[in-house]
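Undergrad: A predicted structure for the sequence below; I have some questions about it.
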Amino acid sequence: MNATPEPDRESTGEMPPEVLELAAAIATLPAPYRVALDPSLKRVLESSERRRRILNLVQDALSQLRLDMKYLVFDLEATRRERDRYRQQLDELSDRGASDE
């Protein structure tokens, strides 16, 4: 019976190949050695999975930040265009008022 922890099938493609290689090598060891290494292997697999999840969260957050920045830049440019248009209208109004006097 093989008691070596197996990585999730879904995350296998995202596990570092070295970790998968290590798990496969440990699975071939005789039972006493495998049992001694299983807790350490389990911790390595869990920490690798946790790091992968954290990396995905960070990548998602960065993507959202990039999108938010694009919206902010767009909004800033629109606000500047509005300001310039209102300034132009104000200048035109003040020029007309000065010429009426």
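TA: That came through fine. Numbers count the residues shown, from 1 in each chain.
Undergrad: From now on I want contacts and neighbour counts done on CA atoms only, so please keep to that.
TA: Fine.
Undergrad: so what's Tyr71 up against?
TA: Contacts were defined as CA atoms under 8 Å, 6 or more residues apart in numbering; by that measure Tyr71 touches no other residue.
Undergrad: Quick check: chain neighbours aside, which residue is closest to Ile26?
TA: Closest residue to Ile26 apart from its sequence neighbours, by CA to CA, 6 or more residues apart in numbering: Arg34 at 5.9 Å.
Undergrad: can you tell me the helix or strand for the one you found?
TA: When secondary structure is defined by DSSP states H and E, Arg34 falls within helix 31-100.
Undergrad: Quick check: chain neighbours aside, which residue is closest to Ser48?
TA: If the residues on either side of it in the chain are set aside, Ser48 comes closest to Met15, at 7.0 Å by CA to CA, 6+ apart.
Undergrad: close enough to count as contact, the one you found and Ser47?
TA: No: in this structure, Met15 sits apart from Ser47 without contact. The criterion is CA atoms under 8 Å, and the distance is 10.6 Å.
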